[in-house]
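1. Would you be able to build a 3D model of this:
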Amino acid sequence: MPTLKTVTLGCKVNQYETEYVRQGLVRAGYREAVDGEEADLCVVNTCTVTIEGDRKSRQAIRQLSRQNPHAEIVVMGCYATRAAEEVAQLPGVAQVVTDKARLPDLLARFGLTDVPSGISTFGSRHRAYVKVQDGCRMQCAYCIIPTVRPELVSRPADDVLAEIGRLVESGHREIVLTGIHLGHYGVDRASDDGHANLAGLVRKIAALEGEFRLRLSSLEAAEVTPDLLAALADRPDRICPHLHLSMQSGSDAVLRRMRRRTTAGQFVEHCRQIGRVLDRPALTTDVIVGFPGETDADFADTCRVTEEVGFSKIHVFRFSRRPGTAAAEMPDQLPGKLKQERAAHLAEIGQRLRASFFESLCGDRIQVLVESAVVGRPGYLWGTSGRYVPAELLGTTGQIGRLVEAVALRLAGDRLVCEAG
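-> Numbers count the residues shown, from 1 in each chain. Next comes the predicted model:
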């Protein structure tokens, strides 16, 4: 039986696509190589969102070639799409897949005649990603992704529902909807039966049977429409009260240069509306510091807005020039030391806001997806609450992989200590 190795770099969508290919190849007769065993086929799913993503992708390919000198290496993903000829010259590369729509053709080439419409498991994880959408056309000045994934494609709702049913049956207790631009789900299917938008899809998923909860991945704040908010509020038992809203900056001047579509004031108002409808939602975000031309006043605006919203987690990124994007050629590029200082300051604010949000949950009943035992502490379990808060509680290993009701007792470091029951 031929052997297989897969390597994934980058986002949740890439992780889903690798799992789709892996399961297809296993169905075609491959088995995963064990540690130290040479593989006959290696699949690398690459990332190109930053120069570092390109570098790590090349590094992974070269390492696989050294460790599996007789293997056929297939490279897919965003770096493969952006620089196919460059990838093809790397050692061991036999095929470069530049179009995600051709993945079924790839599987057919390796002997799979009955190509699946989706996946049935997500490995040994208790949380499964489900890709429902591909493509982005927003053209933000710092982002290369619309160049490599420009076509908007939404999966049929029936395929998504069937896939989630299989995943729940396989034991996955949290389903995370993901896409390149999740909020654009259904834009390309506007002529369908009225359930083609994200709110309609969420309602259909929430109505499925089985023990699971649903989480949405990154959205633009403006895409959390009243219809979507109502769908989330209708099923607090099934849908996690957590939204990741991409802010990027709290300065209107910087947002204009970034080619973002929402002002800082509009972003704050969207967050307030979410807070009025949902029960103490956890709001997490991404912020880029040191964008070209960002002044001290611009950065102060960003810090002020993060305080105003009260995020439960801030992912802080220092701006890095990405060749092929408009921002890479902008004047007034900031020095690395200043970007580092601003990132550190914003991270401190984020930690304080995070601790404050965690403390606000003490005394509340929360739902925890138990994911593992705590190493070195017999009887203690580790998991994640619906509001995406790390949680620790006493329990038995039989609860691993289950949704457990608990009471949050106190904050300990970056986690909530809880009591099951």
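2. A strand includes L243, no?
-> Yes. Counting by DSSP: H, G, I helix; E, B strand; the rest coil, L243 is part of a strand.
3. if I look at it, how far off is S218?
-> 9 Å (CB to CB, to the nearest Å). (Each C-beta comes from the backbone N, C-alpha and C, glycine too.)
4. neighbour count winner among the two?
-> Between L243 and S218, counted using other CB atoms under 10 Å, L243 has the larger neighbour count: 25 against 21.
5. The more buried one contacts I274, correct?
-> Yes. Judged on CB atoms under 8 Å, L243 makes contact with I274 at a distance of 6.5 Å.
6. how much space between A28 and A282?
-> 41 Å.
7. re earlier: touching both of L243 and I274, which residues are there?
-> V224, P281, L283 (CB atoms under 8 Å, 6 or more residues apart in numbering).
8. Out of those, which is nearest to D237?
-> Among those, P281 lies closest to D237 (CB to CB), at 15.0 Å.
9. Report the separation between the closest one and L216.
-> In terms of CB to CB, P281 sits 11 Å off from L216.
10. cool, E223 as well?
-> From E223 to L216 the distance is 10 Å (CB to CB).
11. Repeat that for G29.
-> 36 Å.
12. who's more crowded, the two?
-> Remark: of G29 and L216, L216 carries more neighbours, 22 against 12, as counted by other CB under 10 Å.
13. isn't there a helix covering D237?
-> No. Assessed with three-state DSSP, D237 is coil; it does not lie in a helix.
14. Burial check on it, number of neighbours?
-> D237 - counted by other CB under 10 Å - has 9 other residues nearby.
15. Please, where are all the strands along the stretch 101-250 of the chain?
-> 127-134, 153-154, 174-179, 213-216, 242-244 (DSSP state E, counting those that start in this stretch).
16. contacts for the fourth one?
-> This means strand 213-216. Residues contacting strand 213-216 (CB under 8 Å, 6+ apart): 173-177, 182, 202, 205-206, 238-240, 242-244, 367, 369, 386, 388, 403.
17. Narrow those to just the buried residues.
-> 173-177, 182, 202, 205-206, 238-240, 242-244, 367, 369, 386, 388, 403 (16 or more other CB atoms under 10 Å).
18. Next, the buried residues of the helix ranked longest in the chain.
-> Secondary structure of the chain per DSSP state H: the longest helix is helix 336-360. Neighbour-count burial for helix 336-360 flags K339, R342, A343, L346, I349, G350, L353, R354, F357, F358 (criterion: 16+ other CB under 10 Å).
19. partner residues bridging Y129?
-> Beta-bridge pairing for Y129 (DSSP bridges): V176.
20. which residues touch it?
-> K12, V13, Q15, Y16, E19, F122, V176, T178, S217.
21. Quick check, pLDDT for it.
-> pLDDT recorded at Y129 is 98.
22. cool, the one 5 residues further on as well?
-> Reading off the confidence values, D134 has pLDDT 96.
23. out of everything not next to it in sequence, what's closest to it?
-> V153 (4.5 Å; CB to CB, 6 or more residues apart in numbering).
24. Likewise for T302?
-> G250 (3.7 Å).
25. ok, the one you found touching E307?
-> No. Applying CB under 8 Å as the test, G250 and E307 come out as separate, 9.4 Å apart.
26. neighbour-wise, which of these two wins?
-> G250 (25 against 13).
27. Identify the residues contacting that one.
-> A264, F267, V287, D301, T302, C303, R304, V305, T306.
28. Which one of the strands of the stretch 101-250 of the chain lies nearest to T147?
-> Nearest to T147, of those and by CB to CB, is strand 127-134 at 14.0 Å.
29. now the closest one, how far from the centre of its chain.
-> 9 Å (CA atoms, centre = their mean, to the nearest Å).
30. buried set for it?
-> Result for strand 127-134 [16+ other CB under 10 Å]: buried residues A128, Y129, V130, K131, V132, Q133, D134.
31. cool, stretch 72-87 as well?
-> Buried residues in stretch 72-87 (16+ other CB under 10 Å): 72-83, 87.
32. Same check on stretch 221-237?
-> Per 16+ other CB under 10 Å, stretch 221-237 contains these buried residues: A221, E223, V224, L228, L229, A231, L232.
33. For those residues, please prepare a markdown table with the additional fields distance to P2 and pLDDT.
-> Compiled in a markdown table, these are given as follows (distance: CB to CB, whole Å; pLDDT from 0 to 100):
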| residue | distance to P2 | pLDDT |
| --- | --- | --- |
| A221 | 47 | 97 |
| E223 | 43 | 96 |
| V224 | 46 | 97 |
| L228 | 45 | 97 |
| L229 | 49 | 97 |
| A231 | 45 | 97 |
| L232 | 45 | 98 |
